[in-house]
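Trainee: structure for this input, please:
(one chain, ligands or ions: 1)
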Amino acid sequence: MSLSAFLHKLVTSSSLVQLIAVASLLISFIFVLTYSLFTKRQEDNIPTYTPQGDYKKRWSHDNPHALQEAYSRNRNSLFRIWTSQGYHLALPARYLDELKMQPDTKFPSALQNFFIGPYLWPVEKWKLDYVHKGLHKDLNKHLPSMFADAKEGADTLTPAEFPKCEDWTPIKVHPTVLRLVSQINTKLLVGNGLEKNKDWIDISASYTRNIFLSSAKLRVFHPALRPVVQWFIPELRDVWRCNRRAQELLAPILAEKVEKEKTENYKKPVDSIEWIRDDASDPKDKNDPHLHAILQLILGALSVNTTSQLITNCIYNLATYPEYTTVLREETEAVLKEAGDGWTMDSMARLEKTDSFIKETLRHAGHLTLTFQREAKTTLTLKDGTQIPAGSTVFFPTVAANFDDSLYPEPDRFEPLRFYNLRHASPDNEKKFQLTSITPEQMQFGLGRHACPGRAIASHQVKLILAHLLKTYDFKLKEGEGRPKTVLFQTNQFPNPQGEIMFRRRR
Ligand code: HEM
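Mentor: Numbers count the residues shown, from 1 in each chain. Predicted coordinates:
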């Protein structure tokens, strides 16, 4: 009997109660099967480590310390650990050099899986790769023109976003910085006037929070339940709304590009829409506003969120350690004076103490507790015989290395000139301890094939904005209050979005 004939017989010959019972059994069976597949662990010799206490709760609310505990017990070996996405493998630093350039066919980035992409971005998965491919190819090639945009943005928009503060005034730092960075990044990446479009800036500022929260909430639920749960997550509905609105805004820009291309002497502008159009291997994608909307919003999320969080944390630290306000101000004023005619990329490189301050801030409070998330498509055998089984997701516990006392003496101490001193400890160190340097121990920007392509422009942007603020304001914590507490959720470390710092125009 065929399946359809069997179903027909079942429906016509059974009572409603019997049908409900059969349906419930069927659903339970699918649920258990999916669950067992999802949680199935490979039969291998990789040890599993479970941090102490109510570990699943710790994963959500004490993630940095849980990872530090796991890493301190397994510093040099591969171990398996439960995450809210199932069991993943934590890599020791010694394997990173061997793994960092593995091809995407074997070892692609797992960032899309981290965000549970299909619920947020309803396009074919491989098309999301246009973002990083375009940026790796084109971003640093256009760094000088992007630097000029970043400089102009910092000069004109910083005074517009931060109030005058003639006397000590409390400022909610994160939302202010977020709007500022959204506008600057839109100008230097997307361009086409969208930096002046209020809708685009509102979307760009809220999108990151919404994608992080949507995926964090989806992760709480078992994969089998997510198709239903998705409709009840307000932030996810907002992501879909933003995708649609961004599509409406990009459609006329793409249409205009198509028309202009037909004219003689057309000079293609430098913007990330063009980078993606150039790279689109499927011709249908070249001018598809739906796809472009999603890709531009992802790019915005990767760049706006990270940069604005770092600037916010720097301002929290300037208010907490006011003695360094003077140190950094002296440096920025001296370098700018030497440069004569405003900031250049060369003069940015001479801000060594500022660079160290920012890097120490990132070491203490990077936006993610783990980086180098990769998916093993095939079993990878390392030189020492260790195998990473096909199907595993791996990561590096960056937050744990950041607080490893064999790498950083007194790691809990915020030591703003730590990297400045390391940089000058030997001539070989000059290039090793800069904000944008990446090594298997300094993984805040990831490593290898998928290392952050935006780190140079991010570094310039943070310095330009800090230099502007140092020139204009003094900072202090609110009376009787400490540094605004970092908000921990799963692998995210958010600078407190409600945190207020006192600003006063310099006298
Ligand atoms: C403080 C600022 C930033 C931090 C801390 C940061 C950090 C990271 C990290 C940890 C990764 C994953 C790397 C890996 O898996 O190996 C990444 C990827 C990426 N970042 Fe950044 N980022 C920042 C700013 C930016 C900016 C400004 C842009 C764009 C202009 C950008 C674009 C990207 C892209 C496209 C990827 C994906 C790369 C790939 O998968 O190949 N980031 N970033």
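
Trainee: only C-alpha atoms from now on, for both contacts and neighbour counts.
Mentor: Will do.

Trainee: start and end of stretch 412-422, how far apart?
Mentor: Stretch 412-422 has its terminal residues 17 Å apart, counting by CA to CA, to the nearest Å.

Trainee: buried stuff in that stretch?
Mentor: Residues of stretch 412-422 classed as buried under the neighbour-count rule (16 or more other CA atoms under 10 Å) are Glu415, Pro416, Leu417, Arg418, Phe419, Tyr420.

Trainee: just checking, which of these belong to helices?
Mentor: Arg418, Phe419, Tyr420 (DSSP state H).

Trainee: wait, which of these is closest to Glu152?
Mentor: Tyr420 (27.9 Å; CA to CA).

Trainee: flag every residue of the stretch 401-507 of the chain that's near the ligand.
Mentor: The stretch 401-507 of the chain has residues Gln444, Phe445, Gly446, Leu447, His450, Ala451, Cys452, Pro453, Gly454, Arg455, Ile457, Ala458 near the ligand, with proximity defined as CA under 6 Å from any ligand atom.

Trainee: contacting residues for the last one?
Mentor: This points to Ala458. Ala458 makes contacts with Ser303, Thr307, as judged by CA atoms under 8 Å, 6 or more residues apart in numbering.

Trainee: tell me the confidence at it?
Mentor: Reported pLDDT at Ala458 in the predicted model: 97.

Trainee: the fourth one too?
Mentor: Leu447 is assigned a pLDDT of 97 by the prediction.

Trainee: what does the one 4 residues further on give?
Mentor: The predicted local distance difference test score for Ala451 is 97.

Trainee: please list all residues in contact with it.
Mentor: Phe372, Phe445.

Trainee: also the one 10 residues further on?
Mentor: Gln461 is in contact with Phe147, Ala150, Lys151, Ala154, Thr307, counting by CA under 8 Å, 6+ apart.

Trainee: quickly name whichever of those is closest to the ligand.
Mentor: Thr307 (4.2 Å; CA to the nearest ligand atom).

Trainee: highest neighbour count among the residues of the stretch 401-507 of the chain next to the ligand?
Mentor: Gln444 (28 neighbours; other CA atoms under 10 Å).

Trainee: could you pull out the strands in the stretch 401-507 of the chain for me?
Mentor: Taking DSSP state E, counting those that start in this stretch to define them, one finds strands in the stretch 401-507 of the chain at 473-476, 487-489, 492-494, 500-505.

Trainee: okay, those strands in TSV with mean pLDDT and mean neighbour count next?
Mentor: Formatted as TSV, the strands of the stretch 401-507 of the chain follow (pLDDT from 0 to 100; neighbours: other CA atoms under 10 Å):
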stretch	mean pLDDT	mean neighbour count
strand 473-476	97	21
strand 487-489	93	17
strand 492-494	93	21
strand 500-505	98	21
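
Trainee: want to throw the ones you listed into TSV with distance to Lys257?
Mentor: Putting these into TSV (distance: least, CA to CA, whole Å) gives the following:
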stretch	distance to Lys257
strand 473-476	43
strand 487-489	42
strand 492-494	38
strand 500-505	43
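
Trainee: out of these, the one nearest Gln230 is which?
Mentor: strand 487-489 (19.3 Å).

Trainee: the closest one packs against which elements?
Mentor: Strand 487-489 sits against helix 55-61, strand 492-494, with contacts defined as 3 or more CA pairs under 8 Å, 6 or more residues apart in numbering; DSSP states H and E.

Trainee: out of those, which comes closest to Ile81?
Mentor: Closest among the helices and strands packed on strand 487-489, using CA to CA: helix 55-61, at 10.4 Å.

Trainee: what element comes up after that closest one heading to the C-terminus?
Mentor: Elements were assigned by DSSP states H and E; along the chain past helix 55-61, the next helix or strand is helix 63-73.

Trainee: so Glu161 is in contact with Leu180, correct?
Mentor: Yes: taking CA atoms under 8 Å as the definition, Glu161 is a contact partner of Leu180 at 6.4 Å.

Trainee: out of these two, which sits in the busier spot?
Mentor: Leu180 (24 against 13).

Trainee: turn the helices and strands packed on strand 487-489 into a markdown table, including distance to Pro389.
Mentor: Formatted as a markdown table, the helices and strands packed on strand 487-489 follow (distance: least, CA to CA, whole Å):
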| stretch | distance to Pro389 |
| --- | --- |
| helix 55-61 | 24 |
| strand 492-494 | 27 |
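
Trainee: just give the number of residues close to Asp238.
Mentor: Asp238 has 18 nearby residues by other CA under 10 Å.

Trainee: can you tell me the closest non-neighbouring residue to it?
Mentor: Take Asp238 and drop its neighbours on the chain: the residue closest to it by CA to CA, 6 or more residues apart in numbering is Asn210, 7.0 Å away.

Trainee: wait, is that neighbour part of a strand?
Mentor: No: assessed with DSSP: H, G, I helix; E, B strand; the rest coil, Asn210 is helix; it does not lie in a strand.

Trainee: make sure it is actually in contact with Glu235.
Mentor: Yes: contact criterion CA under 8 Å: Asn210 and Glu235 qualify, at 5.0 Å.

Trainee: stretch 299-307 close to the ligand?
Mentor: Yes: against the ligand, stretch 299-307 shows contacts by CA under 6 Å from any ligand atom at Leu302, Ser303, Thr306, Thr307.

Trainee: wait, doesn't the third one sit right on His367?
Mentor: Yes: checked against CA under 8 Å, the pair Thr306 and His367 is within contact range at 6.5 Å.

Trainee: ok, now how distant is Leu188 from Ala150?
Mentor: 7 Å.

Trainee: for the two, indicate the residue with more neighbours.
Mentor: Ala150 (25 against 22).

Trainee: what residues are up against the more buried one?
Mentor: Contacts of Ala150 by CA under 8 Å, 6+ apart are Ile184, Asn185, Leu188, His460, Gln461, Leu464.
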